[in-house]
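Asks: Curious how this folds, go ahead:
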Amino acid sequence: DAVALPGGGYLLAGKTASSGAGGDDVYLVAVDEDGAVLWERVHGGAAHDVARAVIRTDDGGFAIAGYTGIPPLDYRVLLMKFDAAGDLEWQNSFAGDGPVKGWDLVQTADQGYLIVTEYDFHLIRTDAEGALAWERDLGVPGDRAISLSEASGGAFFLTGYHSDGSLTPEHDARLLKLSGGGSVLLDRTYDLGVQDQAHAALELAGGDLVFCGLSGGTGSLWRTNSGGNVIWRKAFPAKWVSGLVATADGGFLIAATTWAYENGQYQVALTQTDADGELLYQTEAGGAAFDLSQALVPTADGAVIAGSAQAPDGSGYDLLAVRFVVDSAPVSAAGDVAPLAGLDLRNHPNPFNPGTTISFVNPAPGHVRLEIFDFRGRHVRTLLDGQSLPAGPRDIFWDGRDARGRSVAAGVYFSRAVSGSFTGTGRMTLVK
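Replies: Residues are numbered from 1 along each chain as shown. Below you'll find the predicted structure:
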């Protein structure tokens, strides 16, 4: 999995057997915007410890969900919390009736965590320190969860598929919307009779839902109304789908794994569609061996797909990050290059002393979060904490003080804004 770093660059999370204390250990690697390694961290004990999902936390650090134990029958859900430098702050694990793996997670409004396990749509809710608050099953044996993501109003989307439990199981795509407390707000299944799966979902400004996945062994993009009733479904080439974001022109970017016919291997691919789900282009990378997409991180000029790449001799796998720049994106009907889901943050003056104004254009009505971080990625101040703002230009003043009202030291700082599926960062320098 992967997330954006507050000052630019990306954090990749996975596993390594090359170093550490056990067979597999949690592996974190931070890279800059060009893919150069900034730092690496390995965490684990004598058991196998694997990171499946990573998120940025509200305090500027990171959290991962995964699993720990002795394969194949002793896996427990693993939750680990790290500071901005990747150093472990605390960890906890949760046992099930059998082997159980944490598959995805989100942070809740009270700074706790909600984890979904790989099978049975099993939810685990913790407090801010990782202590168990409650557990809940929303599926039956054989059901598989694939992603957990934020929706509007403090709610969450849960995607995956329902299985009929037969020896040759039929899969129906399943999309749930959950309240912050875990109550089911929406639960829909979709069956075309061709092995349907839902892999990632997002909510549009007007309330419609969009999710991507697989149907009949190829990529599938669905748009529904707020009640989950299908508006349209479109197909695109894919053997696996692992991420979805909206673009500023109303279209969508999708991270996919496709088949490289020239050498019979898998490759990662960035797919862009228009607002009606019609395929505009698909750009592939890799394919020398078995390359698999597992996460999509939008950038101001494209996207980063993170995943795994098999060594050409088949001896093992490495973490993979591919940055796609789409300044040569297809021309829209209006004759303009389609912009991507990024916020362009500028501040003036820059350098500044003692204060500066951060300017951006909010692409759509919605809740906006604007934060300040120092050059080490530590949280300094929250300027907008999810306020509802209309679309259009905004100017937010920062007085050069931290959350306690103290003047901060001279140096480089970063602003980061999130508005729905749109994100952006800016760099500024305080001089004294």
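Asks: top strand in the chain by residue count?
Replies: Using DSSP state E to assign secondary structure, the strand with the most residues in the chain is strand 379-389.
Asks: Counting neighbours, which bits of that one end up buried?
Replies: Within strand 379-389, the residues that count as buried by 16 or more other Cβ atoms under 10 Å are 379, 380, 381, 383, 384, 389. (Glycine included, C-beta is placed from N, CA and C.)
Asks: Nearest to residue 423, out of the residues you listed: which one, please.
Replies: residue 384 (13.4 Å; Cβ to Cβ).
Asks: Which positions are bridged to the closest one in the beta structure?
Replies: For residue 384, the beta-bridge assignment (DSSP bridges) gives partners residue 370.
Asks: The closest residue to residue 314 other than its chain neighbours and residue 416, how far apart?
Replies: If the residues on either side of it in the chain are set aside, residue 314 comes closest to residue 289, at 7.0 Å by Cβ to Cβ, 6 or more residues apart in numbering. Between residue 289 and residue 416 the distance, using Cβ to Cβ, to the nearest Å, works out to 35 Å.
Asks: so what's the backbone phi/psi at residue 154?
Replies: Dihedral angles of residue 154 (phi, psi; degrees, to the nearest 10) stand at phi 80, psi 10.
Asks: Quick one: residues contacting it.
Replies: Residue 154 makes contact with 108, 109, 179, 180, according to Cβ atoms under 8 Å, 6 or more residues apart in numbering.
Asks: and if we set it to 6 Å?
Replies: By Cβ atoms under 6 Å, 6 or more residues apart in numbering, the residues touching residue 154 are 109, 180.
Asks: Name every strand pairing with the helix or strand hosting residue 267 and say which way it goes.
Replies: Secondary structure here is read from DSSP states H and E; on that basis residue 267 sits in strand 265-273. Strands that pair with strand 265-273, judged by DSSP bridges, come out as strand 252-260 (antiparallel), strand 279-285 (antiparallel).
Asks: What distance do you get for the residue lying closest to residue 158 once chain neighbours are set aside to residue 147?
Replies: On the basis of Cβ to Cβ, 6+ apart, the spatially nearest residue to residue 158 that is not a chain neighbour turns out to be residue 176, at 4.3 Å. Distance of residue 176 to residue 147, computed by Cβ to Cβ: 11 Å.
Asks: now do residue 48
Replies: Computed with Cβ to Cβ, the distance linking residue 48 and residue 147 is 23 Å.
Asks: cool, and residue 211?
Replies: Applying Cβ to Cβ, one obtains 9 Å for the distance of residue 211 from residue 147.
Asks: Looking at those two, which is more packed in?
Replies: The neighbour count for residue 211 versus residue 147, taken as other Cβ atoms under 10 Å, is higher for residue 211 (27 against 23).
Asks: How is residue 27 assigned, secondary-structure-wise?
Replies: strand (DSSP: H, G, I helix; E, B strand; the rest coil).
Asks: Residue 14 is in contact with that one, correct?
Replies: Yes - taking contacts as Cβ atoms under 6 Å, residue 27 lies within contact range of residue 14: 5.2 Å.
Asks: picking that back up, who are the neighbours in contact with the residue nearest to residue 314?
Replies: 265, 310, 312.
Asks: give me the low-pLDDT residue ranges for the protein?
Replies: 20-22, 248, 261-264, 287, 326-343, 375-377, 421 (pLDDT under 70).
Asks: so how far is residue 408 from the residue nearest to residue 415 when sequence neighbours are not counted?
Replies: The shortest distance from residue 415 to any residue that is not its chain neighbour, by Cβ to Cβ, 6+ apart, is 4.4 Å, and that residue is residue 426. Counting by Cβ to Cβ, the gap from residue 426 to residue 408 is 16 Å.
Asks: Of these two, give the one with the bigger neighbour count.
Replies: When residue 426 and residue 408 are compared on other Cβ under 10 Å, the one with more neighbours turns out to be residue 426, at 23 against 18.
Asks: For residue 123, give its distance to residue 347.
Replies: If you measure residue 123 against residue 347 using Cβ to Cβ, the figure is 40 Å.
Asks: just to revisit the earlier point, assumed the residue nearest to residue 314 was part of a helix.
Replies: No - under three-state DSSP, residue 289 sits outside any helix and is assigned coil.
Asks: returning to that earlier point: neighbour count for the contacts of residue 289 - can I get that in TSV?
Replies: Output for the contacts of residue 289, formatted as TSV (neighbours: other Cβ atoms under 10 Å):
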residue	neighbour count
265	16
310	19
312	10
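Asks: Quick check: of those, which lies closest to residue 221?
Replies: Nearest to residue 221 out of the contacts of residue 289 is residue 265 (Cβ to Cβ; 24.6 Å).
Asks: Identify the residue nearest residue 207 in space, chain neighbours excluded?
Replies: In this structure, residue 207 finds its nearest non-sequential neighbour in residue 226, 4.1 Å apart by Cβ to Cβ, 6+ apart.
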